[in-house]
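Chemist: Here you go, sequence then predicted model.
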Protein chains: 4
Amino acid sequence: MGLRTVKEYYKSLEKMHPTAYILGQKVEQVHEHPLIKHMINSVAKTFEFEHDPEGKKFMVAKSDLTGEEVSRFLKFYTSPEDLIAKVHMLKFMAQRIGGCYMRCTGMDAISSVGIELYNCDQKHGTKYWPKFVEFVKEMQKNDYVLFSGVTDVKGDRSLRPSQQKDPDMYLRVVSKDSKGIVVRGAKIHQTGSLCAHWGLVVPTREMREADKDYAVSFSFPVDAEGVIHVYGRGTLESRAMEECDMGNVEFSKFAPMVLFQDVFIPWERVYLCGEYEYCGDMVRNFGNYHRHSHGGCKCGVGDVLIGAAATAADYNGLPNVSHINNKLAEMLKVTEAIYGCSIAASVEATKTPSGIYNVDPVLSNTSKLYEGKELAEVIRMMIEIAGGMVADIPSDKDFANPEIGPLLKKYLKGPEGVSTEDRVRIFRLIEKLAFESRDIVSNIHGAGSPETHRMTVLRNANIEEKKKLAKKLAGIKEEK
Amino acid sequence: MGLRTVKEYYKSLEKMHPTAYILGQKVEQVHEHPLIKHMINSVAKTFEFEHDPEGKKFMVAKSDLTGEEVSRFLKFYTSPEDLIAKVHMLKFMAQRIGGCYMRCTGMDAISSVGIELYNCDQKHGTKYWPKFVEFVKEMQKNDYVLFSGVTDVKGDRSLRPSQQKDPDMYLRVVSKDSKGIVVRGAKIHQTGSLCAHWGLVVPTREMREADKDYAVSFSFPVDAEGVIHVYGRGTLESRAMEECDMGNVEFSKFAPMVLFQDVFIPWERVYLCGEYEYCGDMVRNFGNYHRHSHGGCKCGVGDVLIGAAATAADYNGLPNVSHINNKLAEMLKVTEAIYGCSIAASVEATKTPSGIYNVDPVLSNTSKLYEGKELAEVIRMMIEIAGGMVADIPSDKDFANPEIGPLLKKYLKGPEGVSTEDRVRIFRLIEKLAFESRDIVSNIHGAGSPETHRMTVLRNANIEEKKKLAKKLAGIKEEK
Amino acid sequence: MGLRTVKEYYKSLEKMHPTAYILGQKVEQVHEHPLIKHMINSVAKTFEFEHDPEGKKFMVAKSDLTGEEVSRFLKFYTSPEDLIAKVHMLKFMAQRIGGCYMRCTGMDAISSVGIELYNCDQKHGTKYWPKFVEFVKEMQKNDYVLFSGVTDVKGDRSLRPSQQKDPDMYLRVVSKDSKGIVVRGAKIHQTGSLCAHWGLVVPTREMREADKDYAVSFSFPVDAEGVIHVYGRGTLESRAMEECDMGNVEFSKFAPMVLFQDVFIPWERVYLCGEYEYCGDMVRNFGNYHRHSHGGCKCGVGDVLIGAAATAADYNGLPNVSHINNKLAEMLKVTEAIYGCSIAASVEATKTPSGIYNVDPVLSNTSKLYEGKELAEVIRMMIEIAGGMVADIPSDKDFANPEIGPLLKKYLKGPEGVSTEDRVRIFRLIEKLAFESRDIVSNIHGAGSPETHRMTVLRNANIEEKKKLAKKLAGIKEEK
Amino acid sequence: MGLRTVKEYYKSLEKMHPTAYILGQKVEQVHEHPLIKHMINSVAKTFEFEHDPEGKKFMVAKSDLTGEEVSRFLKFYTSPEDLIAKVHMLKFMAQRIGGCYMRCTGMDAISSVGIELYNCDQKHGTKYWPKFVEFVKEMQKNDYVLFSGVTDVKGDRSLRPSQQKDPDMYLRVVSKDSKGIVVRGAKIHQTGSLCAHWGLVVPTREMREADKDYAVSFSFPVDAEGVIHVYGRGTLESRAMEECDMGNVEFSKFAPMVLFQDVFIPWERVYLCGEYEYCGDMVRNFGNYHRHSHGGCKCGVGDVLIGAAATAADYNGLPNVSHINNKLAEMLKVTEAIYGCSIAASVEATKTPSGIYNVDPVLSNTSKLYEGKELAEVIRMMIEIAGGMVADIPSDKDFANPEIGPLLKKYLKGPEGVSTEDRVRIFRLIEKLAFESRDIVSNIHGAGSPETHRMTVLRNANIEEKKKLAKKLAGIKEEK
């Protein structure tokens, strides 16, 4: 297939039967559930753009493995240009979705894991890399949606995996035999697990020898036996349930918790099993790549935040007001810095032995630090520009009521030429952009916490070298 | 009565029958509606504390009008000490409600209106002030809940009231006769209108002669004929409807839109009618008082934000971590500045001819500017400390499901000694504190937009005097 | 005398002969030295205002000890009103000096030390408090200028006083006999030591039993034998040396290092000697008081920063420009918050057993945290408003040159009605306000480092109580 | 010559005799003047690195005009790679100079002017472009130091050039004949004019028809008749005059005011004369390029700021302290964002008809906005980390004094293994980095004021397109 169509994507979902619970209920036709279908829409859009003349330029790449045209979401990063193209693709998509389209974690995971499997094979004589290359080819050939399973539930965060009272607080191998392994544990915040075909598990942290059983990477179909998806409740899902007041009329996001209840994984799908020394780099690779991804997608969302704020100003009768322009410029400053640092992290990428390029960690984490702190301020400025109506406009249901509907239409009118309906729509969009918990928390904690980003910047910034520069200028002779 | 009991408050509501619409439906027993009752709880708490030995110190004052003990929510501000006591009361209450308890707008409105009525009588020989004093006495005597009606819908914001295409975009007098006046218009964001007994309308801006019909102030019972309350939808109300995942288990906030469909107001309840030159100062008084109120209440909420963040850190197994302590200190810095500037604005209050004290406008608006910008950062830091679980924990309904409930309880466990249930509770509270749109938008736009606050600071700061100080030090001789 | 006149102050200096070094040279008539005399001017101004009808209201208080009128700089803080009056006085002075007038450290020290001497006497039966009261009476009676000696040089900051390789890195008692003690060490950043009559030494940190010899407080004349003042070089002193391009034409600041070369102190001037458990509280009292002092004085300086920026805008031909007004409002926001929190810290002061009131530590440290971080941004905004001319205007000497002087006068002209001379003056003032190292570093490190302020806020904020508030609202039952 | 040696550079200066005034005095051997020679050192370093094996990679490029190896400072930007290489070169140099090396304004000017000369020739049939190419070849061939003359003195900033009362407030053509033109006016803040061989004048703003006489660009030798350089006084020059307490022991910066007293320019050196419509784009090109330059150089300086702060922490006995590491990470965040956005602005450069590439204006101005606001905070954090000693350490002259020198050496000692001399050196460097007015003001106003940067971001960001994205997601149908 190579490039899947929207229709083929929907069709493929019909054949998948993941075990899923939503708000306390086991759900059979999960892909049609009102809380899931808007997310499926987002993913479907990636397939639509793979066949769109403009979109194609962003979405489609030539596979290094097969020479075929494949989805860029499934390609290893084998050059700085690949990394720049990724950032451009994610910005393009995010501008058109206004949020998440759920194919980045898988994309980032394949390069993250790939680098270390190559290293592991070199050192330990394992055969993970060729096995993994076959897996990636399979993904490319079928244009599968792949999500990564990184974040464990972690229990008591002051303890390592092997120190936890309950040994299952990090996903682990509970048994193995000639055919494969059995794994148990839980991965949380699994963006789009229910829109995907496959998952790729990545260890969530560095491991030591005592944590060997937790050093495991593997792939699995999302409807494998023993895999349970539990929908995590966000702030605004009642809107989707009631089918009104949606804000973003087509698209939404969720991130289930995925439980592994003694899931069997055949050896051909296992890519790490006990070689604990690669876990730290795997997840650091993933973190750096995923912060780099945010640079593209959150800038795209930022364009929507800015556009929504500017539209609200127009719809309040306040176009081109000095203090509003000033705020728009500040909003741009932040979103462009997030974006710019990701582009720069691509340019300054370095080649690994596998041939895959690693992004510059200082620049990609710098981008994420601005997202983590300043994007909240961008959102605040959007609300500041839009005004108090963001808080509490009456519902579409009130507008539909024959007694008060006409009154609301009268009283919530803005300037001439703008319909009350459109004015309400833009406030609902702003509400969605400002108060959808999954998106907002992702700005801060997606791809690791800000503290992790700070530490990554610090560790990779070569402070010793900078001390030398300062000492030289001060006239201090360095001790030998 | 003087000081109403909780029981009396609930009883009094039974006798009120306001016209109310919620999510498209006309509601009869509105005070028992799941979306309203948590707010009623908040208001009821004020009565509980009026009779509580500790609370009484904050809540009860001696009336300057009658010499009786009355609710501080119904007392004119007749000294700097009154203003300090107000800030202390609001902080005390907000620490215990974690949000709004809806009696401040009325409290701020009576002093705002009072000052100008006195001035008006002096200049125009009107008799508003004595009439108004009787109204306030009546409120005090019955310990009524009073809300203020300030914010008009405003239509095209680049136009004045009398310039709007639809003349009803600001509340106005449509007719008058010997008995009274008839008013039409809509006031939006009316915090707690459905928990109150009475409303007091205040003009929303300065007016010019052409806007004379819009220069009107009056009081009215919330169930007066022609008054329609329309619930404005916030982000999290489905939780209250489903009675689970509440976060703040007892209390909540809302702010209906109140429509005046040709409402008759007898002259005895009319306090301004055409004397347009007092509108500007009335609403500026209100703004300054209400920004001063926020100084107390938002610091109290801030204490809850800080406490919630610190508890989440404990429940993640991360007590006393250096970078978390650093963030807690930053959170304190902001909330204490908001509070401190309100206390200072009380100390530097000035007496008006009516005997009522006006707060220092520079300091009260400075407090609000920090709230408007920095409180968002406090909330962001709370999320940063708490971690990604704020985004999407499964519902109470999932925990109640026999198949997955036990698994969730196992996997969402934190450190020893903390139950999973409590851990989930603190994340739900944080979700409520971070994503309840009415509260968050109130931080920014409550008591006017930040741009208004900035302009108020600038206009009252005597820049010319500061220029003189600088010139003197620079050795510049001032032109005479 | 009670209230010293300016003339008396200058006269008194003639009689003092401190040992002083400035830029490598021993200086005899130090008070007339070009680097010292501008500072003497600042101090002299305090005496001028003690006799000025307007200034008197701020500067003069009634002594609790003698009932006489005394300088407020020498009065214990025996009420919240005293603390408010202090903040008002410091703001008043700073607006007129544009910087430091050097009498606050002594003022803050007497209350800091006093509180703990009283406590010490109660517990240990020592007689420090009455001896100290006599000292303060003597200061009041003669209206002496008193500086405090707090900051030791500290050596290796990871080590305690008694652990340092060189035992003199903190000031210590090297011997004692029946007549008195001999002390050795060095105090750095001693604001105005060369303008003062007396010094009062305060321990710089908490001490433990092993550090007993370092637990010492005493008073001494600034020209006592063995006391050496070494001028610390700042950024702009060449201007004073050359007597041109001064910026602030009358006033300046410096803070010598004071060396104690085995200085003998008679017992009657010794107020602590070995009672190590009071050192921590003494210096914490001092820190909290002095941060509170900054709230007044730095807001006064802030008024000058704002006035200078606004004047520069006028002199560039840009009065009343929207983005400049916006910046002025932001500058005001910061300076008023610094001020407001100090006023609030006064209101919420608490009485100690000695009768002296301690400021609220959370609020006074919050004020200092804003100064430490945000005042730099206020200064940056002043430069942003003023423009690039702050960097590098030609010297007064260039203007005096007959060949280029007229050309400079022509080309550096701003709008009509403003002389080039005045325009240059305002830029020179801005240069002084932005680049005088002693002032700028004092904003950050005066009264302790920001990290100390953060820790003080955190320790005094009762986080446990805030956790309880959050848990209650979340429905968490507290463990008993 | 192609690549000049250091020796050749010094030799070439001997032959130049610019008219120069420094602090009121006409100076003959200006290049040996203590205030100039440290800056000459900085420029000389660029020649040193052109011949250094490592430096060469950054400094030397192949000329598009001649195919020869030339200094990158004299090359047109003819690809995104050229722009990236520029940023890398500037960062490399700034790390080694700790400030300005004065060859960027010329470099940025040649591409800025070049683009528009090509456009002008196409439209007006003028022959500027080939003449200008010859000039650039000449510069390359001799590896000349070229500065740009952009910033006029501007007079009353609310008026256009032709509206000023004194017509000379912007540089203008006062007469022309067959041989050339005569120009009059003054350019201020002319970084390094006295270290250069040539200057290239660029109009400072857009011009209209009435301003035609001000629409002029030309090149001139810095010692041309009628050109007067007046040294602008900065904060720290007395140190260089006294040859002690330098901080940065080798290098410094200055930016004279350059007066054009009816200077004759032959036609062969005139590149624009009356074609006013190109002025706006010329200076906007220059602004965008020069903000992009700052991205490299200020990040390099940032590395020195970070290194100096980290060294000071070590020298205080506080290596590896949590809150200091946190601050270092924040400092890195800012400097890397400044750098990253400049790299990204290079990647997204666009080709102009001349073949020269223009940087992306949104990204280059975003970089500058972070520099303009956040670099001040980086410097503040450096001071916060270093401690109060930045304010006022005694002078080298005090250390040289036999009486107090040994005492100072004793008392200003830090931890074991660090000499007091080195400790003092690092504080002096920090003082220089924090308080050198030319550098600090350049962070804010270099390459235009922050307000200009904001407006440039806003105008180039296509807000209309972003509104469309938002409307589409909100379900708003666009009016046709």
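Modeler: Okay, I see it. All figures in this text were calculated on a predicted structure; none of them were measured in a lab.

Chemist: Once you drop chain neighbours, what's closest to the residue in the stretch 301-450 of chain A that chain C sits nearest to?
Modeler: With CB to the nearest CB, the shortest gap between the stretch 301-450 of chain A and chain C falls at A:Ser322, namely 4.2 Å. Glycine gets a C-beta too; all of them are placed from N, C-alpha and C. In space, and not counting its chain neighbours, A:Ser322 is closest to C:Ser322: 4.2 Å by CB to CB, 6 or more residues apart in numbering or on different chains.

Chemist: Could you do A:Val60 as well?
Modeler: A:Glu69 (5.4 Å).

Chemist: what is the one you found paired to in the beta sheet?
Modeler: A:Lys62 (DSSP bridges).

Chemist: returning to what we had before: number of nearby residues for the residue nearest to A:Ser322?
Modeler: When neighbours are defined as other CB atoms under 10 Å in any protein chain shown, C:Ser322 has 12 of them.

Chemist: Next to chain C in this structure, residues from chain A, please.
Modeler: A:322-323, A:326 (CB under 8 Å from any CB of the partner chain).

Chemist: between the residues you listed, which is nearest C:Val441?
Modeler: A:Asn326 (31.8 Å; CB to CB).

Chemist: so where does the closest one fall, helix or strand?
Modeler: helix A:322-347 (DSSP states H and E).

Chemist: do A:Met246 as well
Modeler: Going by DSSP H and E, A:Met246 is not part of any helix or strand.

Chemist: ok, then the element right after the helix holding A:Asn326?
Modeler: Assigned by DSSP H and E, the successor of helix A:322-347 is strand A:350-351.

Chemist: Run the chain-centre distance for the next helix or strand after that following strand.
Modeler: Remark: after strand A:350-351, the chain's next helix or strand is strand A:357-358, criterion DSSP H and E. On the basis of CA atoms, centre = their mean, to the nearest Å, strand A:357-358 sits 19 Å off its chain's mean C-alpha point.

Chemist: Strand A:357-358 and chain D in contact?
Modeler: No - Strand A:357-358 lies out of reach of chain D by CB under 8 Å from any CB, never closer than 15.2 Å.

Chemist: Could you list the paired strands of that strand along with their orientation?
Modeler: Applying DSSP bridges, one finds strand A:357-358 paired with strand A:350-351 (antiparallel).

Chemist: could you give me the average pLDDT of the strand it pairs with?
Modeler: Across strand A:350-351, the average pLDDT comes to 98.

Chemist: Equivalent analysis for stretch A:311-319, please.
Modeler: 97.

Chemist: List the buried residues for it?
Modeler: Applying a neighbour-count criterion of 16 or more other CB atoms under 10 Å in any protein chain shown, one finds A:311-318 buried in stretch A:311-319.

Chemist: what's the distance between the closest residue in space to A:Lys75 that isn't next to it in sequence and A:Thr78?
Modeler: Closest residue to A:Lys75 apart from its sequence neighbours, by CB to CB, 6+ apart: A:Ala61 at 4.8 Å. Relative to A:Thr78, A:Ala61 is positioned 10 Å away (CB to CB, to the nearest Å).

Chemist: Please enumerate the shared neighbours of the two.
Modeler: Counting by CB atoms under 8 Å, 6 or more residues apart in numbering or on different chains, A:Ala61 and A:Thr78 have no shared contacts at all.

Chemist: quick one, which of the two is more surrounded?
Modeler: More crowded of A:Ala61 and A:Thr78, by other CB under 10 Å: A:Ala61, with 22 against 18.

Chemist: Hmm, the more buried one is touching A:Glu69, no?
Modeler: Yes - using CB atoms under 8 Å, A:Ala61 is in contact with A:Glu69, at 7.4 Å.

Chemist: and for those two, which residues touch both?
Modeler: Joint contacts of A:Ala61 and A:Glu69 (CB under 8 Å, 6+ apart) do not exist.

Chemist: show me what contacts A:Glu268?
Modeler: A:Lys131 are the contacts of A:Glu268 under CB under 8 Å, 6+ apart.

Chemist: That one and A:Leu74, how far apart?
Modeler: Counting by CB to CB - A:Glu268 and A:Leu74 are separated by 19 Å.

Chemist: burial count for the residue nearest to A:Val60?
Modeler: 15.

Chemist: before we move on, what about A:Lys131?
Modeler: Counted with other CB under 10 Å, A:Lys131 comes out at 16.

Chemist: Identify the residues contacting it.
Modeler: Per CB under 8 Å, 6+ apart, neighbours of A:Lys131: A:268, A:271.

Chemist: again, only this time at 10 Å
Modeler: With contact set as CB atoms under 10 Å, 6 or more residues apart in numbering or on different chains, A:Lys131 has these partners: A:117, A:121, A:267-271.

Chemist: Where does it sit, in terms of helix or strand?
Modeler: Per DSSP H and E: A:Lys131 is located in helix A:128-142.

Chemist: Buried residues, that helix. List them.
Modeler: A:128-129, A:131-133, A:135-137, A:139-142.

Chemist: ok, for A:Ala470, nearest residue in space, not its chain neighbours?
Modeler: Going by CB to CB, 6+ apart, A:Ala470 has D:Gly307 as its nearest residue, at 3.5 Å.

Chemist: Show the pLDDT at that neighbour.
Modeler: At D:Gly307, pLDDT is 98.

Chemist: Report the secondary structure state of it.
Modeler: helix (DSSP: H, G, I helix; E, B strand; the rest coil).

Chemist: tally of neighbours for it?
Modeler: 29.

Chemist: can you check A:Leu194 too?
Modeler: 28.

Chemist: does it really touch A:Glu32, like I thought?
Modeler: No - A:Leu194 lies out of contact with A:Glu32 (CB atoms under 10 Å); the separation is 11.3 Å.

Chemist: Overlap of the contact sets of these two?
Modeler: With contacts taken as CB under 10 Å, 6+ apart, the residues that reach both A:Leu194 and A:Glu32 are A:13, A:40.

Chemist: so what does the helix or strand of chain A with the lowest mean pLDDT touch, helix or strand wise?
Modeler: Least confident element among the helices and strands of chain A, by mean pLDDT, DSSP states H and E: helix A:237-242 (a mean of 94). Applying 3 or more CB pairs under 10 Å, 6 or more residues apart in numbering or on different chains; DSSP states H and E, we find helix A:237-242 packed against helix A:34-50, helix A:396-400, helix A:420-435, helix B:237-242.

Chemist: Show me how far it is from its chain's centre.
Modeler: For helix A:237-242, the distance to the chain centre is 23 Å (CA atoms, centre = their mean).

Chemist: C-terminal to it, what's the next element?
Modeler: strand A:257-266.

Chemist: Cool, thanks, talk later.
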